[in-house]
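*Asks:* No letters, just coordinates:
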């Protein structure tokens with residue numbers, strides 16, 4: 001069954017240009033019967049973003065077809081069906097397909113082919129195989145493309161049949177783009193001159209922070225606005241009739257890293273406002289659904305159309321571009337954007353069959369039993385109360401750091417931080433599989449140990465407490481009324497991954513978070529081993545690389561002395577710990593009394609789901 005596809009047009013811009021330094025050849029699309037009259041043409045540019053390793057509609061953590069409360073479906077196999085329908089409706093030669101980044105990290109499928117059976121040792125990445133089969137024309141780099149290091153990214157790039165774009169990923173050795181800044185695709189209408197569509201790729205400046213260990217001294221990442229101002233004029237000069245930007249940067253201007261970098265993390269709207277010559281922007285990174293947003297360029301007064309197709313292949317964005325041929329050239333009359341939902345179609349059997357060997361291998365891996373648990377541990381309430389699930393992460397992290405301390409550092413007390421990444425994570429009583437542990441720690445972070453003073457520990461916890469909204473008095477509150485407080489750096493609400501729980505290893509670290517107070521004065525009764533922490537007392541803190549490098553803009557961590565850094569991935573560390581110990585017994589690391597609690601003054605609050 002074909003789904004109806006809107007054809008309204010409001011104003012576009014697509015791409016045109018070749019790059020002097022990193023030019024990418026583009027094969028011209030083959031003309032079919034064409035659209036419209038002799039002097040007009042309708043072009044459709046389709047877009048995905050933040051696929052995060054979702055090739056098939058499968059939840060590896062639940063070992064079942066993916067489903068959520070909104071009844072979303074995920075994966076490239078679903079996207080393929082939507083793309084096929086659009087191409088059938090519009091004519092394949094009248095369409096392009098692009099992506100805005102974050103492709104090779106996020107699921108056990110992606111992890112398997114990066115770490116367990118890495119593509120650098122042979123084999124084609126499933127995401128590359130699927131995207132090639134679907135027929136993408138270009139993709140921008142996302143920040144998570146760098147999680148597994150540059151060699152694996154380069155191998156993935158070499159497997160693609162289309163260019164991987166990043167105008168603001170700069171090679172430190174040459175000062176030039178390390179990836180193609182843009183590509184120009186040539187469309188041949190049935191009537192009139194060819195149309196040149198320029199696609200500019202921009203990635204996120206935060207890579208310099210979040211993947212510092214992988215890129216420092218090799219690549220730099222200037223701002224999106226600054227680099228778009230360089231490359232959009234080059235596209236236009238090269239003859240682009242339409243300019244489309246694939247930007248791995250959210251639409252709502254903000255930065256999770258505060259002022260750590262001079263360039264904002266989410267800058268797609270700023271690019272539209274401040275850089276003339278752009279017709280449309282495919283937005284990524286923020287995992288938001290934006291069917292259509294019109295932004296007026298400040299220099300020209302012309303509209304720029306933005307769209308963001310949520311994440312994971314749950315949506316497909318469409319830019320409908322209306323062009324007219326006048327005075328010997330094509331001009332954009334209007335661009336309109338809309339979104340199609342993946343849950344309206346079945347998976348493309350071509351993609352399912354293509355990836356079946358990879359899928360079977362990964363499903364077998366993640367379902368392998370590696371140990372047992374004496375009782376269940378759920379992360380469902382970890383955002384607002386002390387749980388064994390986060391205690392387990394902190395225990396394993398702290399144990400690893402402590403075992404590797406030497407000299408005078410070996411005698412210092414060890415603390416650890418962990419965030420409630422995945423509220424759906426649950427380790428069952430009885431047999432525990434790889435997927436149970438992987439669901440508890442869904443990011444590919446590595447472990448470090450740093451030194452903080454008592455004053456700095458308190459400042460860290462104060463920053464973390466910004467996650468909570470103020471309350472009117474003691475009593476019972478729904479979790480949604482207390483958590484994910486908006487801040488200046490997170491205007492839509494602080495994400496769960498930017499809230500940390502801190503635990504002690506040899507002795508408990510205990511504290512209250514008093515929501516009767518403003519952020520900065522909320523941490524009370526802060527004690528280690530039952531004694532108040534001294535301002536100059538020194539602690540070793542087990543911390544992940546995202547946080548230590550500045551992610552979330554927590555104080556003091558980027559300049560703190562590093563005493564441990566073996567580049568071990570925390571997820572694998574947890575898997576290895578269970579494999580070696582064979583038994584997870586929460587009584588060994590989780591205390592009867594809560595280590596921390598939410599209060600109003602000295603009265604504990606009751607939080608309900």
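*Replies:* Okay, I see it. Worth saying up front: this structure is predicted, and the values here are computed from it rather than measured.

*Asks:* List the buried residues in stretch 597-606.
*Replies:* Neighbour counts over stretch 597-606 (16 or more other Cβ atoms under 10 Å) mark 597, 598, 599, 600, 605 as buried. For the C-beta atoms, the positions are set from N, CA and C on the backbone; glycine is no exception.

*Asks:* what does stretch 515-535 contact?
*Replies:* 413, 415, 453-455, 457-458, 461-462, 465-466, 468-471, 473, 482, 504, 506-514, 537, 539, 598-601, 605 (Cβ atoms under 8 Å, 6 or more residues apart in numbering).

*Asks:* who's in contact with the nearest residue in space to residue 375 that is not next to it in sequence?
*Replies:* Closest residue in space to residue 375, ignoring its immediate chain neighbours: residue 429 at 5.2 Å, by Cβ to Cβ, 6 or more residues apart in numbering. Applying Cβ under 8 Å, 6+ apart, one finds that residue 429 lies in contact with 373, 374, 375, 376.

*Asks:* Can you add secondary structure and pLDDT and give those residues back as CSV?
*Replies:* Below are these laid out as CSV (DSSP: H, G, I helix; E, B strand; the rest coil; pLDDT from 0 to 100):
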residue, secondary structure, pLDDT
373, strand, 97
374, coil, 97
375, coil, 96
376, coil, 96
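
*Asks:* Name the member of those with the most neighbours.
*Replies:* In terms of neighbours by other Cβ atoms under 10 Å, these top out with residue 373 at 20 neighbours.

*Asks:* Pull the contacting residues for the closest residue to that one other than its chain neighbours.
*Replies:* The shortest distance from residue 373 to any non-neighbouring residue, by Cβ to Cβ, 6+ apart, is to residue 584 (4.2 Å). Counting by Cβ under 8 Å, 6+ apart, residue 584 touches 371, 372, 373, 374, 377, 392, 427, 432, 578.

*Asks:* okay, among these, which ones form the most distant pair?
*Replies:* Taking Cβ to Cβ as the measure, the contacts of residue 584 span a maximum distance of 13.8 Å, between 372 and 392.

*Asks:* Mind checking which of those two has more residues around it?
*Replies:* The neighbour comparison of residue 372 against residue 392 (other Cβ under 10 Å) goes to residue 392, with 27 against 16.

*Asks:* just checking, that one is part of a helix?
*Replies:* Yes - counting by DSSP: H, G, I helix; E, B strand; the rest coil, residue 392 is located in a helix.

*Asks:* Show me the helices in the stretch 51-200 of the chain, by range?
*Replies:* All helices of the stretch 51-200 of the chain, identified by DSSP state H, counting those that start in this stretch, fall at 76-90, 108-111, 126-134, 150-158.

*Asks:* residues making contact with the shortest one?
*Replies:* So that's helix 108-111. Outside helix 108-111, the residues that touch it by Cβ under 8 Å, 6+ apart are 52-56, 60-61, 104-105, 126-127, 358-359, 362, 365-366, 434-435, 438, 444, 571.

*Asks:* pLDDT (mean, whole number) over it?
*Replies:* Average pLDDT, helix 108-111: 96.

*Asks:* mind listing what's buried in it?
*Replies:* 108, 109, 110, 111.

*Asks:* what's the closest of the residues you listed to residue 170?
*Replies:* residue 110 (25.8 Å).

*Asks:* Count residues in the vicinity of residue 68, would you?
*Replies:* 11.

*Asks:* Where do the strands of the stretch 151-300 of the chain begin and end?
*Replies:* 164-165, 170-171, 182-187, 195-202, 219-220, 242-247, 280-283, 289-296 (DSSP state E, counting those that start in this stretch).

*Asks:* Looking at the third one now, give me its mean pLDDT.
*Replies:* Computed over strand 182-187, the mean pLDDT rounds to 98.

*Asks:* by contact count, what packs against it?
*Replies:* Contacts defined by 3 or more Cβ pairs under 8 Å, 6 or more residues apart in numbering; DSSP states H and E place strand 182-187 against strand 195-202, helix 224-237.

*Asks:* same deal with the fifth one?
*Replies:* Packed against strand 219-220 by the contact rule (3+ Cβ pairs under 8 Å, 6+ apart) you find strand 170-171.
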